[in-house]
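Peer 1: Need a 3D model of the following:
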Amino acid sequence: MQEGKDELERARERVIEAISQNMNLYGVTPSIGRLWGLLYFQNEPMTLDEMKNELGMSKTSMSTSVRTLMDLHMVDKVWKKGIRKDLYEVEEDWYQTFIDFFTIKWRSGVMINVNAIEKSLQELNKLLERPGISEDDKETVRRDIGKLHDALDYYNWLNRLVDTFETHEIFKYIPKKKEDPSQ
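Peer 2: Residues are numbered from 1 along each chain as shown. Just a heads-up that it's a prediction; the model follows:
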């Protein structure tokens, strides 16, 4: 049976490595991606010590990684009778994991950009009222104001798109499973 266990571990490791590389593309460190992959393949929740031993990371690093995954709603703390240490397990619903991960990231990005745009719009509108500004400069400022309003329209659309993910309305338009046209 050892040969079968080796094959199982290789298959799991391949997926864990792909997950960690993919999460890295979205600003999550590969080590956090590996942790999520490790937890995904566990049949039981794990303690920080068990995760630390499995991945060879420091307890501080492990704790920070778990907290990051909890903030992204990808890992939950669970309770088990008779165990006093904190236990953690992954959210196994890949659709919900995607929704949580991306909506948290998108909302944060939208907020940062909208705040910057709104501050710049205030400054540009004041600039238009400044005495002595040339007509050429006013025209440049007006064009920039128009561009920033277009950007706000985009971020408004992106927020509405995120809303469709959070409410699961997106699944009305893109079902979780592709419908079989032959049925």
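
Peer 1: out of everything not next to it in sequence, what's closest to residue 23?
Peer 2: residue 33 (3.6 Å; Cβ to Cβ, 6 or more residues apart in numbering). For glycine as for every other residue, the C-beta is placed from the backbone atoms N, C-alpha and C.

Peer 1: Please work out how many residues are found near residue 37.
Peer 2: 20 (other Cβ atoms under 10 Å).

Peer 1: hmm, back to that, so the residue nearest to residue 23 makes contact with residue 26?
Peer 2: No - if you go by Cβ atoms under 8 Å, residue 33 and residue 26 don't touch, sitting 9.4 Å apart.

Peer 1: Please say which of those two ends up with more neighbours.
Peer 2: Counted by other Cβ under 10 Å, residue 33 and residue 26 do not tie: residue 33 has more neighbours, with 23 against 11.

Peer 1: Pull the contacting residues for the more buried one.
Peer 2: Residue 33 makes contact with 16, 19-24, according to Cβ atoms under 8 Å, 6 or more residues apart in numbering.

Peer 1: thinking again about what came up before, so where does the residue nearest to residue 23 fall, helix or strand?
Peer 2: helix 30-40 (DSSP states H and E).

Peer 1: Leaving out chain neighbours, which residue sits closest to the most centrally placed residue in the chain?
Peer 2: For the chain, the residue lying nearest the average C-alpha position, counting by Cα atoms, centre = their mean, turns out to be residue 101 (2.8 Å). The shortest distance from residue 101 to any non-neighbouring residue, by Cβ to Cβ, 6+ apart, is to residue 72 (5.2 Å).

Peer 1: from the middle of its chain, how far away would the helix or strand following the helix holding residue 33 be?
Peer 2: Next helix or strand after helix 30-40 toward the C-terminus (DSSP H and E): helix 48-55. The chain centre lies 24 Å from the centre of helix 48-55; the measure is Cα atoms, centre = their mean, to the nearest Å.

Peer 1: Buried ones in helix 48-55, by neighbour count?
Peer 2: Neighbour-count burial for helix 48-55 flags 48, 50-52 (criterion: 16 or more other Cβ atoms under 10 Å).

Peer 1: Look up phi and psi at the most far-flung residue of the chain relative to its centre.
Peer 2: Seen from the C-alpha centroid of the chain, the residue lying at the greatest distance (Cα atoms, centre = their mean) is residue 132, 47.3 Å away. Main-chain dihedrals, residue 132, degrees, to the nearest 10: phi 90, psi 0.

Peer 1: Same question for residue 76.
Peer 2: phi -120, psi 150.

Peer 1: mind listing what the closest residue to it other than its chain neighbours touches?
Peer 2: In this structure, residue 76 finds its nearest non-sequential neighbour in residue 89, 6.0 Å apart by Cβ to Cβ, 6+ apart. By Cβ under 8 Å, 6+ apart, the contact list for residue 89 reads 39, 42, 44-46, 75-76, 78.
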